[in-house]
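# the sequence and its predicted three-dimensional model are supplied below.
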Amino acid sequence: MDLWICWPTNSNVICNKFMPDIVKYPDKFLYKPTEEVWLPLNEDHRTLIKDMIEAMYTNNGIGLAANQIGSFEKIFVMDVSNEKNNPQVFINPTIKKEAKEKLTDEEGCLSCPGKLANVIRPIYVGLEWICQHGKAQYKTFYHLPARVVQHEMDHLNGKLCIDYV
Ligand code: NI
């Protein structure tokens with residue numbers, strides 16, 4: 001269910017769909033690790049996931065972690081497609097494997113507007129997670145998705161890309 005917020009003005013009533021704010025650096029909440037999601041998923045989780053996907057698209061992001069909109073749940077979403085029509089949901093994700101070979105690249109973050117950071121990361125990672133249908137998944141991510149996965153995993157562990165030096 002979508003939440004609408006309405007308020008009266010002099011001449012009429014204005015309504016806007018509730019959109020959670022992105023938690024921004026240096027808010028300490030971003031440095032607090034998230035907590036494992038208690039399964040099975042409930043309605044609150046589904047609402048959170050929907051809000052996360054919407055917040056990611058509204059802010060032109062390609063990934064978003066739950067603590068970036070104020071939730072402590074260990075969930076992130078990602079969509080690296082050009083069409084922005086393939087949101088993927090990662091619940092209780094864990095990196096199981098990573099490449100020895102690393103690459104440095106520039107990263108931005110919705111929580112750190114106007115800042116870019118050079119971050120060195122393994123070129124691929126093997127990730128285990130629970131999908132939005134409650135099923136266990138495992139996949140190896142390469143290239144941009146590998147970088148996004150690791151950036152979002154950092155968020156879930158209370159770490160920001162701008163803190164790499
Ligand atoms: Ni970020």
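Yes, it's here.
# drop to CA atoms for contacts and neighbour counts, all remaining ones
Fine.
# now the longest strand belonging to the chain: mean pLDDT?
Counting by DSSP state E, the longest strand found in the chain is strand 88-98. Averaged across strand 88-98, the pLDDT comes to 98.
# so what's the gap between the longest helix anywhere in the chain and the chain middle?
Scanning the chain for the longest helix, with DSSP state H as the assignment, gives helix 43-58. Taking Cα atoms, centre = their mean, to the nearest Å, one finds the center of helix 43-58 at 10 Å from the center of the full chain.
# who touches stretch 136-155?
Residues external to stretch 136-155 that are found in contact with it (Cα atoms under 8 Å, 6 or more residues apart in numbering): 30-31, 33, 62-65, 67-68, 76, 78, 80, 93-94, 121, 123-131, 160-161.
# who are the contact partners of residue 55?
19-20, 22, 64 are the contacts of residue 55 under Cα under 8 Å, 6+ apart.
# and if you look at residue 117?
Applying Cα under 8 Å, 6+ apart, the residues near residue 117 are 106-108, 161-162, 164.
# same thing with residue 159?
Here residue 159 is in contact with 30-31 (criterion: Cα under 8 Å, 6+ apart).
# run the last query once more with 6 Å
Residue 159 makes contact with residue 31, according to Cα atoms under 6 Å, 6 or more residues apart in numbering.
# quick one, strands of this structure?
4-8, 13-17, 63-65, 75-78, 88-98, 102-107, 117-122, 124-130, 136-142.
# returning to what we had before: now the buried members of the contacts of stretch 136-155.
30-31, 33, 62-65, 67-68, 76, 78, 80, 93, 121, 123-131, 160-161 (16 or more other Cα atoms under 10 Å).
# before we move on, the earlier item: C-alpha coordinates for the longest strand of the chain, PDB please?
Provided in PDB are the C-alpha atoms of strand 88-98 (Å, rounded to 0.1, in the frame of the first residue of the first chain):
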ATOM      1  CA  GLN A  88      17.300  -7.300  -8.100                       C
ATOM      2  CA  VAL A  89      16.700  -7.800  -4.400                       C
ATOM      3  CA  PHE A  90      19.400  -9.300  -2.000                       C
ATOM      4  CA  ILE A  91      18.300 -10.300   1.500                       C
ATOM      5  CA  ASN A  92      21.000 -11.400   4.000                       C
ATOM      6  CA  PRO A  93      23.700 -11.400   1.400                       C
ATOM      7  CA  THR A  94      27.200 -12.800   2.100                       C
ATOM      8  CA  ILE A  95      30.300 -12.700   0.000                       C
ATOM      9  CA  LYS A  96      31.500 -16.300  -0.200                       C
ATOM     10  CA  LYS A  97      34.400 -15.900  -2.700                       C
ATOM     11  CA  GLU A  98      36.400 -13.100  -4.200                       C
END
